[in-house]
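[1] take a look and give me a structure for this.
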Amino acid sequence: MTIPSRTTAASVQNRTLADLQRGMQRGQKIQQQISSGKAISRPSDSPTGTVTSLQLRGEVRATQQYSRNADDGMGWLGVIQDNLQDASTSVIRARDLTVQALNSTAGTPEAREAFAYEIDNIKASLIDQANAKYLNRPVFGGTTAGGIAYDKTGEYVGDGNGTTRSIGPNARVRIETTGPEAFGATGSDTQLFTVLTNLSKAIRDNDSSALDSGLGKLDTAHDLLKTTLSDVGARYNRVTQMKQSAEDHLLSVSSQLSDIEDVDLPKAIMELQIQQTSYQAALAATAKVIQPSLIDFLR
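    A predicted model of the protein is given here:
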């Protein structure tokens, strides 16, 4: 036979106060969620949601880093692309001057000197473009710690090491181009600056045979320049696409993170109203259940 438990006034009061306290705590929790805008403020609020949130936050940080790396890569490749395009225009001008000089080898020394002088200026301009910098580093110098990739004579002083950036999971792209890859290997007779030097000398010497040979070497150097420009353009497009993919992925992950962490304000406000109504009803019911004691009548 089950012995019925004895209910005393003290036990009723204790249970009632405990229930009221729990109601206040639930209301306080909802108020905290509304004020912070977050459904999870501590791991105990949602253990599984906390684990998922941490994983998503790690993915957000990684994706943001990929986006920053892509921005850096676009900066490097953009500078290289612009300078190679300008260099190509300068080479075309040098070719036009060479053809004019070749067609007027019997011209006056002053005319030949004018052609040679302009080619010398084109060479100096091209060396300046070959020493272009991004973030104070020469973009055609590899990983050199120096401030230039070429000296004034057109001699390469950089190194052949590559610089890469991670722009996605298992995706790395090279963001620079060494000088020899764009302007020809040092010591080669088709190196752009060597070709221009020889053309200038041939014009001054009125050497049509050297001019004809130099014209072919200039075309070879220009072909290398255009090939390199095409490669840089392809890498720039890849980095641009990966950056867009990173931004799209970041938007998707951020939306998932918001679904887990952020509170649904309309729902939370409604729950708070219900909780407040329930608490007021509990207070009214408690006032009727717990009647005044003898001490209250003696006051």
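
[2] can you tell me the helix or strand for the residue most central in space within the chain?
    Centroid-nearest residue in the chain, with CA atoms, centre = their mean: Arg68, separated by 2.1 Å. Assessed by DSSP states H and E, Arg68 sits inside helix 47-103.

[3] please name every helix or strand in contact with the next helix or strand along the chain from that helix.
    Once helix 47-103 ends, the next helix or strand along the chain (criterion: DSSP H and E) is helix 109-130. The contact analysis (3 or more CB pairs under 8 Å, 6 or more residues apart in numbering; DSSP states H and E) places helix 109-130 against helix 47-103, helix 179-183, helix 192-205. Backbone N, C-alpha and C define where each C-beta goes, glycine included.

[4] if you set the cut-off to 7 Å instead, what comes out?
    Secondary-structure packing of helix 109-130 (3 or more CB pairs under 7 Å, 6 or more residues apart in numbering; DSSP states H and E): helix 47-103, helix 192-205.

[5] and of these, who's closest to Ile167?
    With CB to CB as the measure, helix 47-103 is the member of the helices and strands packed on helix 109-130 nearest Ile167 (4.7 Å).

[6] average pLDDT for that closest one?
    For helix 47-103, mean pLDDT rounds to 90.

[7] quick one, the helix holding Arg68 and helix 109-130 angle?
    Calculated by axes from the mean of the first three to the mean of the last three CA atoms, to 10 degrees, helix 47-103 forms an angle of 170 degrees with helix 109-130.

[8] tilt between helix 47-103 and helix 192-205?
    Between the axes of helix 47-103 and helix 192-205, defined by the same axes, to 10 degrees, the angle is 10 degrees.

[9] run through the neighbouring helices and strands of helix 47-103.
    With contacts taken as 3+ CB pairs under 7 Å, 6+ apart, helix 47-103 sits against helix 109-130, strand 133-134, strand 164-168, helix 192-205, helix 208-261.

[10] CSV for the helices and strands packed on helix 109-130, including distance to Ser166?
    Below are the helices and strands packed on helix 109-130 laid out as CSV (distance: least, CB to CB, whole Å):
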stretch, distance to Ser166
helix 47-103, 6
helix 192-205, 33
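
[11] give me whichever of those is most buried.
    Mean neighbours per residue, mean count of other CB atoms under 10 Å, is largest over the helices and strands packed on helix 109-130 for helix 192-205, with a mean of 23.
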